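based on what follows, work out the 3D shape:
(3 chains)
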Amino acid sequence: MSEQSNRKGCTSIFTLYPSFVPELPEVESVRRSLEPHLLGHIVTRSTLHRADIVEGDTSALALLEGERITTLQRRGKLLSIHTKSGRVLTVHLGMSGQLLVLASGTAPKNATHLHAEWLLDSGQRLIFRDPRRFGGISTHANESDFHAARLADLGPDALTIDAAHLAAALAKAKRPIKAALLDQRILAGVGNIYADESLFMVGINPARLCTGLNAQDFARLADAIRDVLARAVAAGGSSLRDYVNASGDEGSYALEHAVYGRSGQTCPRCHTPLKTRLIAQRTTVWCPSCQPMRPPGVKPAPHRRAAKPRP
DNA sequence: CTTATGACCTGATAGC
DNA sequence: TGCTATCAGGTCATAA
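Numbers count the residues shown, from 1 in each chain, chains lettered A, B, ... in the order given. Now for the predicted structure:
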């Protein structure tokens, strides 16, 4: 698992290494940690080392050179940097993306795969590093272009997902609920980790088809998604703060996953051996006892006979 | 239209 | 020891 490898030390004043594959909580933690270093500052120089990680205009201006950063936003797993003149630059961390803030004159410990960097008027440098290059950057001249190109196809943010939207979007979907939760057009921010965790929390089998879920299922699922993400944001934030404040230690935080990454172990709730298989091409772990294919008390629907024509 | 699948990419790890 | 095979997964293009 790459989560350990992502937590190596660094000579920067701080590093923003997500403890896990970046999903919504990790991106939100990065966003919050970057804010004090970026907001109000001017990009004095932008440098692109790999043009193919950028979608859109790759000019210095498009890469925010000379621009003053006003806000850092996030929708799902997508981070966006907004400037006073209205330009927008997005960063998606993909599988292995990192955003590093370096003090003047320092270099990252691992200086490979550095694809883009921004020198700030503070002297600090912001660096985008992404070994696997599943992540990337996009540039937009204004807010409406950014919205049309990047936000229009994204569902509402998973941190504030409500039951009504979930039910409306999925009630007629003929696919496993887990596959639907991974679909960023339905809701933005849930990946493989939090999909499995949320489904475990509400006792829904990840292979169950959306059409088999009722309004109460969607309501409890929406509650669980918000809850598990909010708790991860809080924990991830403290982890990053620990790292910044501590003397170089990586921080002791490790989120307690109930099922994710626990293949071959037993359910933390009932101690039944967990099951593992691929759903939507992703490793999926669940408890066959806590997450039955049929909810308790529900019997298979009887076959319906054709109505007899009445004379 | 909806849903499914392979490709992309590199680092870690297991096994020989 | 060094080599090879396998696995991880977010998103996109393409297929069914």
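
skipping its backbone neighbours, what lies nearest A:Gln291 in space?
For A:Gln291, the nearest residue in space outside its immediate sequence neighbours is A:Asn205; the separation is 4.5 Å by C-beta to C-beta, 6 or more residues apart in numbering. Every C-beta, even on glycine, is put in place using the N, C-alpha and C of the backbone.

can I take it that that neighbour is in a strand?
No: following the definition DSSP: H, G, I helix; E, B strand; the rest coil, A:Asn205 is coil and is not counted among the residues of a strand.

torsion angles phi and psi at it?
Phi and psi for A:Asn205, reported as degrees, to the nearest 10, are phi -70, psi 130.

please tell me how far it sits from DNA strand C.
In this view, A:Asn205 and DNA strand C are 18 Å apart by C-beta to the nearest atom of the strand, to the nearest Å.

which bits of the stretch 101-250 of chain A sit near DNA strand B?
When proximity is defined as C-beta under 7 Å from any atom of the strand, the stretch 101-250 of chain A approaches DNA strand B at A:112-113, A:131-134, A:172-176, A:179, A:210.

let's see it at 10 Å
Proximity of the stretch 101-250 of chain A to DNA strand B (C-beta under 10 Å from any atom of the strand) is limited to residues A:110, A:112-113, A:130-134, A:169-176, A:178-180, A:182-183, A:185-186, A:207, A:209-211.

the residues you listed: which ones sit near DNA strand C?
Among those, the ones lying close to DNA strand C by the criterion of C-beta under 10 Å from any atom of the strand are A:131-134, A:179, A:182-183, A:185.

could I have the buried ones of these as ChimeraX selection syntax?
For the buried members of those, the matching ChimeraX selection, counting by 16 or more other C-beta atoms under 10 Å, is:
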select /A:131,179,182,183
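
which other helices and strands contact the longest helix seen in chain A?
Taking DSSP state H as the criterion, chain A has its longest helix at helix A:215-245. Helix A:215-245 makes packing contacts with strand A:14-16, helix A:24-38, helix A:163-170, helix A:192-202 when contacts are defined by 3 or more C-beta pairs under 8 Å, 6 or more residues apart in numbering; DSSP states H and E.

mind checking how far the closest residue to A:Glu23 other than its chain neighbours is from A:Val21?
If you skip the residues right next to it in sequence, A:Glu23 has A:Gly191 as its closest partner in space, 3.9 Å away by C-beta to C-beta, 6+ apart. Distance, A:Gly191 to A:Val21, using C-beta to C-beta, to the nearest Å: 6 Å.

neighbour-wise, which of those two wins?
Counted by other C-beta atoms under 10 Å, A:Gly191 and A:Val21 do not tie: A:Gly191 has more neighbours, with 23 against 19.

pick out the residue of the stretch 201-311 of chain A closest to DNA strand C.
Of all residues in the stretch 201-311 of chain A, A:Thr283 sits closest to DNA strand C, at 3.7 Å by C-beta to the nearest atom of the strand.

what's the local residue count around A:Ile127?
Around A:Ile127 there are 21 other residues, counting by other C-beta under 10 Å.

from DNA strand B, how far off is the closest residue to DNA strand C within the stretch 51-200 of chain A?
As assessed by C-beta to the nearest atom of the strand, DNA strand C sits closest to A:Gly191 within the stretch 51-200 of chain A, at 3.0 Å. When C-beta to the nearest atom of the strand is the yardstick, A:Gly191 and DNA strand B sit 13 Å from each other.

A:Cys270 now?
A:Cys270 sits 28 Å away from DNA strand B when distances are taken as C-beta to the nearest atom of the strand.

then A:Thr160?
23 Å.

which ones are touching the nearest residue to that residue once chain neighbours are set aside?
Counting by C-beta to C-beta, 6+ apart, the nearest residue to A:Thr160 once its immediate chain neighbours are dropped is A:Arg226, at 6.9 Å. Residues near A:Arg226 by C-beta atoms under 8 Å, 6 or more residues apart in numbering: A:158-161.
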